[in-house]
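In: need coordinates for the following:
(2 chains)
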There are 2 protein chains.
Amino acid sequence: MKETRQILAEAKAAAPLLGRCGTEDKNRALHAMADALEQRMEQILAANAEDMQAAEGKISPVMLDRLKLTPDRIKGMADGVRAVAALPDPARVLGRTVRPDGLVIEKTAVPMGVIAIIYESRPNVTSDAAALAVKAGSACVLRGGKEAFRSAYAIVSALREGLIAAGLPDNAVSLVEDTTRASARELMTAVGYVDLLIPRGGAGLIRACVEEAKVPCIQTGTGICHVYVDSPCDLEMALSIVENAKTSRPSVCNAEEVLLVHRDIAAAFLPRLKALLVDQRRAAGEPPVELRLDGRAMQFIDGMPAGPDDFDTEFLDYILAVKVVDGVEAAVSHIAAHSTGHSEAIVTLSDEHAAFFTKAVDSAAVYVNASTRFTDGGEFGLGCEMGISTQKLHARGPMGLSELMSYKYVIHGNGQVR
Amino acid sequence: MKETRQILAEAKAAAPLLGRCGTEDKNRALHAMADALEQRMEQILAANAEDMQAAEGKISPVMLDRLKLTPDRIKGMADGVRAVAALPDPARVLGRTVRPDGLVIEKTAVPMGVIAIIYESRPNVTSDAAALAVKAGSACVLRGGKEAFRSAYAIVSALREGLIAAGLPDNAVSLVEDTTRASARELMTAVGYVDLLIPRGGAGLIRACVEEAKVPCIQTGTGICHVYVDSPCDLEMALSIVENAKTSRPSVCNAEEVLLVHRDIAAAFLPRLKALLVDQRRAAGEPPVELRLDGRAMQFIDGMPAGPDDFDTEFLDYILAVKVVDGVEAAVSHIAAHSTGHSEAIVTLSDEHAAFFTKAVDSAAVYVNASTRFTDGGEFGLGCEMGISTQKLHARGPMGLSELMSYKYVIHGNGQVR
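Out: Presented below is the predicted three-dimensional model:
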């Protein structure tokens, strides 16, 4: 097994070579990486079959399905890499000032250097993250989940073949071979080697990074998202938005976990919501949503009483915590106390309430009359994403290529002194 | 003495009130703060006299002069606060996208929340930092040096009077009363209270922040800046730039500490440099520059042999480490190994060398044919600065008002679901 520190040192050495590449060189490498994924399909499928066999019975069927690769999925990964090649190069001049003394100051987006990514079991994250890093001109060090190691290794081997075929250093993309917690900690503390660490995973990983990371780090992905149904509002719209935010894909971070309802509209709204999310879904053979109700909501509909943790839990499941509030100020206060700062929505007919909500809610994405499910790089028009930042420094919300860049000032003079 | 945690809690409570203020309210507060500084001049001077008396004999004359306040200096501080009021409000819409489904996505600059600043003894930093934070819509918690505590306390008391007079919460600006290391550590670890920590100080403080900070942090101010004199170059220009970068203000972070000279030009350049920086300055009664020479430089001029640490030291004094290198690639390698990532310059007549240098040097500001002394918010046209960031995440180089902001996405729809 290769030492993690050795992998980091090789990535650091490769980073400037990649960083100096022009757009054409990077795109050529991305196409070669995509081609190599398809050429190595057989090896990748074989490695994945071993991962699947080892994981069977140990992880849930949903997780097993996420782990599974098929020829179509590998083709999809290769097409994803080609799609990144088609995106505009984020290495560009961001601003230009000519000073009175003739100094020309250009603010220029530049690569970070080495980007480390800690993620879990979906093998496609391996190629997505590598493609974004290469396009952003940074070397990447990938540390995936133990269950997907053989798949990730086969994928990274193919990507590195592609880099070499394009004349770029293969160490621009590498996989950490140690899948114990020690390697995650090593990445978090590799000052001087890791310029940006992106943890993509559950609350435990994020907390470990906040506690232990000494390298620059961007927290991603934990989403306790709220929808607040205000009074007055369009009830049909509110029903449609809550249904979409909760049930269209409950396992993702932009799904709704908590519903706040204005007391004046609760009597009209909650019974219809229960009919839609519980009764009609059950009748249609779809998983019904389990409603966990605070005391006031229990006055309007039946459901399980909410426990003490239900307003602070990312369920990622067909579960919705429901609370009746006195109005938009109470909704904002609840969100300030319980949100992870990902995405929140208000459904309202009041421009004044909408303006207060968007100003006062301190989250990455704040919606008026739309579903929280739109918080996504593709939906925002960024073309891709490395994750959803829930922190305030550097990047917030979907992280596209621009958010993977640093910048520097390049100043041209003709002898100016101060 | 007020507990630091209590001060942080009050700042956190004040932050949203300040954050929701419009431009006019913030500017009115800044003018009231400036007026209060002038009205409280007598108290501030009295407090400063106590600080001066206590510090005399304990700190260097240069430090004593930095600590000293005069009516003119206080007037200058008030004018500095008014100058911040005159700057454009950084809370603005940064970008706007209308998606095919009609969703309107606005990327909007928003306040950080609570900004904590750890700094040293110059009292004017107290009012500068507070003014920038208020204009950026963030509450600030200031933790100054022990020697300047009474001065800072009097200044902050005046600023808080100004806030109250303008109808804003006085807790938008506060001073940490504990001046032991414990309070610095408390700021570094106040997760949930401090949204951005800016340490402004020496290498020790910066290192402590990297090691111990659990809150988002921007490293500022350590500058081991290099000037590389290439071949071919304009020798007169090279002499003028090196002289300016080294001697115009050696105590600041954008001053030159290391000179790299191309071997082909060393014989022509170094004797003239020694005449300019050593002999002529001595003859003129100015402090001569102490040259610390590597072995190759010693072949051309006399001077002290460079010791093992001289190429890794921020002298902040009339001292210059000098090294002869084989060319631009060697210069870039030396800088990569020894720079703090602040400011570096090349003096050259070769466009090719200039392009390589600006691309390959990974520092906040990279100059061609100009002095490193221009790395400054005012010189870059930002109107002000909170410090010079030497990190790659969020902000790099001079941090103006825009760099003190976060952003969020505000999305307006009419019922869109995904």
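
In: could you list the low-confidence segments of the stretch 101-250 of chain A?
Out: Residues of the stretch 101-250 of chain A meeting the criterion pLDDT under 70: none.

In: can we see that at 90?
Out: Applying pLDDT under 90 to the stretch 101-250 of chain A flags the ranges A:120-124, A:200-212, A:219-222.

In: for it, what lies in contact range of chain B?
Out: A:103, A:105, A:110, A:112-113, A:191, A:195-196, A:210-211, A:214, A:216, A:218, A:234, A:237, A:240-241, A:243-245, A:248 (Cβ under 8 Å from any Cβ of the partner chain). Yep, even glycine has a C-beta here, placed from its N, CA and C like the rest.

In: spatially nearest residue to A:Pro71, not counting backbone neighbours?
Out: Counting by Cβ to Cβ, 6 or more residues apart in numbering or on different chains, A:Pro71 lies nearest to A:Met41, which is 6.1 Å off, once chain neighbours are set aside.

In: for the stretch 151-300 of chain A, which residue gets nearest to chain B?
Out: A:Asn244 (3.5 Å; Cβ to the nearest Cβ).

In: distance of that residue from B:Gly415?
Out: According to Cβ to Cβ, to the nearest Å, A:Asn244 and B:Gly415 sit 10 Å apart.

In: pick out whichever of these two has more residues nearby.
Out: More neighbours surround A:Asn244 than the other of A:Asn244 and B:Gly415, with 22 against 16 (other Cβ atoms under 10 Å in any protein chain shown).

In: so which of the residues of the stretch 101-250 of chain A next to chain B belong to helices?
Out: A:210-211, A:237, A:240-241, A:243-245 (DSSP state H).

In: on the three-state scheme, A:Gly167 is what?
Out: Using DSSP: H, G, I helix; E, B strand; the rest coil, the structure places A:Gly167 in coil.

In: now swap in the one 4 residues further on and tell me
Out: With three-state DSSP as the basis, the three-state label of A:Asn171 is helix.

In: could you do A:Glu10 as well?
Out: Following three-state DSSP, A:Glu10 is assigned to helix.

In: surely it touches A:Asn171?
Out: Yes. The criterion here is Cβ atoms under 8 Å, and A:Glu10 meets it with A:Asn171 at 4.2 Å.

In: list the contacts of A:His394.
Out: For A:His394, the contacting residues are A:216, A:218, A:403, B:393-394, by Cβ atoms under 8 Å, 6 or more residues apart in numbering or on different chains.

In: if you could redo that for A:Val325, that was the one I meant.
Out: Shown in contact with A:Val325 (Cβ under 8 Å, 6+ apart): A:228, A:260-263, A:331, A:334.

In: please redo it, this time with the cut-off set to 7 Å
Out: With contacts defined as Cβ atoms under 7 Å, 6 or more residues apart in numbering or on different chains, A:Val325 is in contact with A:260, A:262-263, A:331, A:334.

In: quick check on it: phi, psi?
Out: Main-chain torsions, A:Val325, degrees, to the nearest 10: phi -120, psi 160.

In: in the sheet, who's paired with it?
Out: Assessed by DSSP bridges, A:Val325 has beta-bridge partners A:His262.

In: so what pLDDT did it get?
Out: Here, the pLDDT recorded for A:Val325 equals 98.

In: in stretch A:250-257, which residues are buried?
Out: Residues A:250, A:253-257 are the ones in stretch A:250-257 that count as buried (16 or more other Cβ atoms under 10 Å in any protein chain shown).

In: my bad, stretch A:410-418
Out: By neighbour count with 16+ other Cβ under 10 Å, stretch A:410-418 contains the buried residues A:410-413, A:415-418.

In: repeat for stretch A:10-27
Out: Using 16+ other Cβ under 10 Å as the test for burial, stretch A:10-27 gives A:10-12, A:14-16, A:18-19, A:21, A:26-27.

In: list, out of those, those positioned next to chain B.
Out: Restricting the buried residues of stretch A:10-27 to those touching chain B (Cβ under 7 Å from any Cβ of the partner chain) yields A:Pro16.

In: A:Glu161 belongs to a helix?
Out: Yes. Assessed with three-state DSSP, A:Glu161 lies in a helix.

In: ok, the nearest residue to it once chain neighbours are set aside - contacts?
Out: Counting by Cβ to Cβ, 6+ apart, the nearest residue to A:Glu161 once its immediate chain neighbours are dropped is A:Ala36, at 4.5 Å. For A:Ala36, the contacting residues are A:158-159, A:161-162, A:165, by Cβ under 7 Å, 6+ apart.

In: again, only this time at 6 Å
Out: Applying Cβ atoms under 6 Å, 6 or more residues apart in numbering or on different chains, we find A:Ala36 in contact with A:158, A:161-162.

In: and the top strand by length along chain A, which strands flank it?
Out: Using DSSP state E, we find that the single longest strand of chain A is strand A:405-416. Using DSSP bridges, the strands paired with strand A:405-416 are strand A:104-111 (antiparallel), strand B:365-370 (parallel).

In: which residues does it contact?
Out: Taking Cβ under 6 Å, 6+ apart as the rule, strand A:405-416 contacts A:90, A:101, A:103-110, A:112, A:136, B:237, B:358, B:364-370, B:392, B:396-397.

In: tilt between that strand and helix B:235-247?
Out: If you take axes from the mean of the first three to the mean of the last three Cα atoms, to 10 degrees, strand A:405-416 sits at 120 degrees to helix B:235-247.
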